[in-house]
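In: sequence below, structure please.
(2 chains)
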Protein chains: 2
Amino acid sequence: MSNHSSKRSLAIRSAFLDFVEDPFYIPEAECVRYWSDGLLILEDGKVKELGAYEQLCDRYSGIEIVSYDDRLIVPGFVDTHLHFPQTEMIAAYGEQLLGWLNQYTFPVEGKFNNKAYAQKVAGFFLDELLKNGTTTALVFAAVFPESVDAFFEEASRRNLRMIAGKVMMDRNAPDYLCDTAETSYQESKHLIEKWHKNGRLLYAVTPRFAITSTDEQLRLAGKLLEEFPDVYLHTHLSENVDEVAWVKELFLDSTGYLDVYDRAGLVGDRSVFAHGVQLTDQEFQRLSEARAAIAFCPTSNLFLGSGLFRIEQAKSMEHPVKLGLGTDVGGGTSFSMLQTANEAYKIAQLRQQNLSPFKALFLATLGGARALSLDDKIGSFEVGKEADFVVLDVRSTPLMAFRNPIATATSLNELADKVFSLVMMGDDRAICATYVAGELAYQL
Amino acid sequence: MSNHSSKRSLAIRSAFLDFVEDPFYIPEAECVRYWSDGLLILEDGKVKELGAYEQLCDRYSGIEIVSYDDRLIVPGFVDTHLHFPQTEMIAAYGEQLLGWLNQYTFPVEGKFNNKAYAQKVAGFFLDELLKNGTTTALVFAAVFPESVDAFFEEASRRNLRMIAGKVMMDRNAPDYLCDTAETSYQESKHLIEKWHKNGRLLYAVTPRFAITSTDEQLRLAGKLLEEFPDVYLHTHLSENVDEVAWVKELFLDSTGYLDVYDRAGLVGDRSVFAHGVQLTDQEFQRLSEARAAIAFCPTSNLFLGSGLFRIEQAKSMEHPVKLGLGTDVGGGTSFSMLQTANEAYKIAQLRQQNLSPFKALFLATLGGARALSLDDKIGSFEVGKEADFVVLDVRSTPLMAFRNPIATATSLNELADKVFSLVMMGDDRAICATYVAGELAYQL
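Out: All right, here's what the predicted structure looks like:
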């Protein structure tokens, strides 16, 4: 019997934490599941069962057990917005959005018509994600189809559930980075046919943002969404004040930035809009109605001085918007979703709002999965979901060990405190291991 | 001839960077000194000479040379505000200043009447500073004299140039943490006599802030400054909106928060005020006139939601105020001055201001030394200064190595870019070694 036809089983023993509901709307104690000594049973890369070790150990006595003592295992992190071609230009100095694009981003992205180069960067990028516990991401490639092929080939080699797409950009950018409305349509279509649902891979139609697309290009993006109803739409929205003003100038007949996308048919329940810092209340409401998602990118919003995202508006009771966290590398300054949650907390604090540790972790896991309409497949340890998860160490540095003398929480309050220490102080050193579809993919 | 009477010499070969002027006021190229291949000559713990390796190597051919290839050496970092007793409560969740003090800080500080405990924490704290490249700090102890003894004993063992003092606090705090105006005066006086200028140690008269001191206690703090004109004054000022409002209520006859300190004689050229987020223009002007200093604490100001410090107001041409960076552990979330500079940059960006890499590094080194009136002793490689310095690695993680393929800068622009990558992406892993008074005190 070959390895493929047999059912491959494995059990992981450790402390486990995940979410079954959204703690922004339901009392936290009802949202969080926690086993201080749990056993996770994996079969064929999926979750077969999770429960208390004591209750499950007899039933699964025949299975190999990998134990992670003094560790905390959570679902793999979901990064809802970043750019793989910008890896090498992370932390580029001194500009706000539009200047930063012209001075740093465009020249770097120009290198990604070279497939071999794109492949090298894509591999490095994916390894950085794994090193930081991120198992799923929604990713901008460059304008060149080769850059998309390179990315998906590398993601496929690692068996990762990844969403990406070719940038569509037919104006207000250097010639060497521009496609045309028609070529962007044809190339995207070809890439969708090649990669969408190829293994764990999914495709996102990816106009960069309203400024760099003509009406015609946006219309054709909408046509792709009609033709392929389960692909994603991924773009930027209302990040920066000057950007919003420019969009208004470019689209005089539009009622606002979101409307530019809306009238092209780009605002739906598989649409993910990065940033949304400058959104009006009406635009939040429209996103809610359309069941579209926002990727909140705190390190980028601070680094580029874009402003303070209104989390409480996105997570309002009346008009809830699906919300995930994005690192937005290279506008963001870190691949770490922990570091990203750190700055999300600080942005909330500046606005006299409160982002609890569980809310932050929810955004980085199940919340992100919901934002990407992938919560039937990933984001928690629900039975049958793909087994992407992260092994965390709350004592990963001398300072964290000093702050957290005991690793494993025995109450929800203790757990919240330990999760908070990970959010505020954790980095890639807190990621002991990352599993992808039940297989060890990274180990510190 | 004993080791003590002989002159102990050592030479360090590497790239070196320091400042001779303030880049907030003078063009950067005139402020920065840089040797891509330099030789630093140390004698008896002080800088004897620094220059190009080629020019100096013959003259010092007899001296042992330690080489740091592909590294960048800068003066030791100066942390102008933090609390050693708060080490264990770093990253405590969910409060703004006043709630955070009551809920977390006061209970923890109560433990520091135990000398042995205080000593243990002080040792850990100082090792964390060294691990992060910080060689001088202005430090709050607790209200208990034992906590000051513990701190200075540990600092003395490490031969560090440190400034600290006993907290003075006679109201609006739990009884177990309160002294009286008179006991705080007597205890502080005794500690000054014991520790001020004892080796490299210096004393700071340390009323916590106006809220927890009576007028009488502040008056006696002023009396200490009169009696000991070269000790420091270290306190908090205008951090948080609610705090400022409470100060106004408590001191009805005062014209403002700074005035409360001023009329007690606490605003002079050896006074260091932490935060200053809510200062008025008039208060900035008064600080300038008095040649007093502000410790800007970005990670803390964000973490506690205090607000965005106005760097450009402190560094204005008309009314310049001495300015340093402070980690403010445990209100701050990191011991790293690099991480602190990262968030200072982000605060500046949010305010549409620009904190260049050299300005940030200046604040962390010579700027901090000037804020502490220690620029005759530390903060640069000027001949005769104490040889406290840090060996940095701009390729300390795979991501930083990917961003910085070549370690050593050959132009000022390249150097600025590498320093910026340290500021935005560096942490304790970028600190390869820390030297204190010419001796290796920490190695990664």
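
In: where along the stretch 101-250 of chain A do the strands fall?
Out: A:134-140, A:161-165, A:167-168, A:202-207, A:232-237 (DSSP state E, counting those that start in this stretch).

In: just checking: what are the partner strands of the third one?
Out: In the sheet containing strand A:167-168, the strands it pairs with under DSSP bridges are strand A:202-207 (parallel).

In: what's the mean pLDDT across the partner strand?
Out: For strand A:202-207, mean pLDDT is 98.

In: for it, C-alpha coordinates in CSV please.
Out: The C-alpha trace of strand A:202-207 is given here as CSV (Å, rounded to 0.1, in the frame of the first residue of the first chain):
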residue,chain,number,x,y,z
LEU,A,202,-6.4,30.6,-5.1
TYR,A,203,-6.4,33.6,-7.4
ALA,A,204,-7.1,37.2,-6.7
VAL,A,205,-7.9,39.7,-9.4
THR,A,206,-5.5,42.5,-8.3
PRO,A,207,-5.8,46.0,-9.7
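
In: which outside residues touch it?
Out: Strand A:202-207 has contacts (C-beta atoms under 8 Å, 6 or more residues apart in numbering or on different chains) with A:138, A:140-141, A:161-169, A:184, A:188, A:191-192, A:195-196, A:213, A:217-218, A:221, A:224-225, A:228, A:231-235, A:266, A:272. Bear in mind the C-beta positions are built from the backbone N, C-alpha and C, glycine included.

In: so what's the residue of the stretch 151-300 of chain A found nearest chain B closest to, chain neighbours aside?
Out: Going by C-beta to the nearest C-beta, chain B is nearest to A:T299 of the stretch 151-300 of chain A, at 8.1 Å. Distances taken as C-beta to C-beta, 6 or more residues apart in numbering or on different chains put A:G332 closest to A:T299, at 4.2 Å, once the chain neighbours are dropped.

In: how about A:V78?
Out: Leaving aside its sequence neighbours, A:V78 sits nearest to A:G368 (C-beta to C-beta, 6+ apart; 2.9 Å).

In: could you identify the helix or strand that succeeds the host helix or strand of the one you found?
Out: A:G368 is part of helix A:366-371, with elements assigned from DSSP states H and E. Downstream of helix A:366-371, the first helix or strand assigned by DSSP H and E is strand A:389-392.

In: partner strands of that following strand, parallel or antiparallel?
Out: The strands beside strand A:389-392 in its sheet (DSSP bridges) come out as strand A:65-75 (antiparallel), strand A:431-436 (antiparallel).

In: sorry, back to before: tell me how many other residues crowd the residue nearest to A:V78.
Out: A:G368: 33 surrounding residues under other C-beta atoms under 10 Å in any protein chain shown.

In: cool, and A:V20?
Out: By other C-beta under 10 Å, neighbour count at A:V20 equals 13.

In: and what of the one 3 residues further on?
Out: Residue crowding around A:P23 was assessed by other C-beta under 10 Å; the count is 23.

In: same check on A:R33?
Out: Residues near A:R33, counting by other C-beta under 10 Å: 17.

In: right, and it touches A:V20 too?
Out: Yes. With contact defined as C-beta atoms under 8 Å, A:R33 reaches A:V20; the gap is 5.9 Å.

In: one step back: the residue of the stretch 151-300 of chain A closest to chain B: what's it in contact with?
Out: Counting by C-beta under 8 Å, 6+ apart, A:T299 touches A:327-328, A:332-334, A:339-340, A:343.

In: same question for A:L130.
Out: Applying C-beta under 8 Å, 6+ apart, the residues near A:L130 are A:158, A:434, A:436, A:441-442.

In: from B:D417, how far off is it?
Out: 28 Å (C-beta to C-beta, to the nearest Å).

In: show residues contacting the least confident helix or strand in chain A by mean pLDDT.
Out: Least confident helix or strand of chain A, by mean pLDDT, DSSP states H and E, is helix A:97-100 with a mean of 91. Residues from elsewhere that reach helix A:97-100, judged by C-beta under 8 Å, 6+ apart: A:92, A:239-240, A:242-243, A:246, A:304, A:306, A:331.

In: related to what we said a few turns ago, which of the strands paired with strand A:389-392 is buried the deepest?
Out: Most buried of these by mean neighbour count (mean count of other C-beta atoms under 10 Å in any protein chain shown) is strand A:431-436; its value is a mean of 23.
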